[in-house]
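Colleague: Got a predicted model here, sequence first, then my questions.
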Amino acid sequence: CRVAEILQFSCPIETSGNGAQRFHCFPLPRLFKLCPGQPAVEITRTVKIDASTGEVDIPEDADQQLPKAKLWKDVAR
């Protein structure tokens, strides 16, 4: 398996004291575990990220913390 990262941005509108509005964007890194023949599983909440170095620490028991993944065709609504 490998780990892949996407960088998503959240850009809420902020209003200043004089009523002017502007977007304030900040990054939201998201990490995914990608294994051949299996659906991707987001692992962002189960890992520890060092904000100063960007180093990612994946706990040994991470697989027990992850939800069971399903292929989109197997998802029932």
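Modeller: Yep, that arrived.
Colleague: Show me where the chain dips below the pLDDT cut-off.
Modeller: Residue ranges of the chain with pLDDT under 70: 62-69, 72, 76-77.
Colleague: residue with max distance from the center of the protein?
Modeller: Relative to the centre of the chain, the most outlying C-alpha is that of N18, 35.1 Å out, by CA atoms, centre = their mean.
Colleague: Just to be sure, that one is in a strand?
Modeller: No - N18: not assigned to a strand; according to DSSP: H, G, I helix; E, B strand; the rest coil it is coil.
Colleague: ok, now which ones touch the spatially most central residue of the chain?
Modeller: Per CA atoms, centre = their mean, the C-alpha nearest to the average position across the chain is that of R30, at 2.2 Å. By CB atoms under 8 Å, 6 or more residues apart in numbering, R30 lies in contact with 5-8, 42, 44. (Glycine included, C-beta is placed from N, CA and C.)
Colleague: Show me which pair in the residues you listed is furthest apart.
Modeller: Farthest pair in those (CB to CB) is L7 and E42. Separation: 13.8 Å.
Colleague: So the two - more neighbours on which side?
Modeller: Neighbours per residue (other CB atoms under 10 Å) separate L7 from E42, with E42 holding more: 14 against 8.
Colleague: beta partners of that one?
Modeller: The partner list for E42 in beta bridges (DSSP bridges) reads F32.
Colleague: Now do it against Q21, distance only.
Modeller: 32 Å (CB to CB, to the nearest Å).
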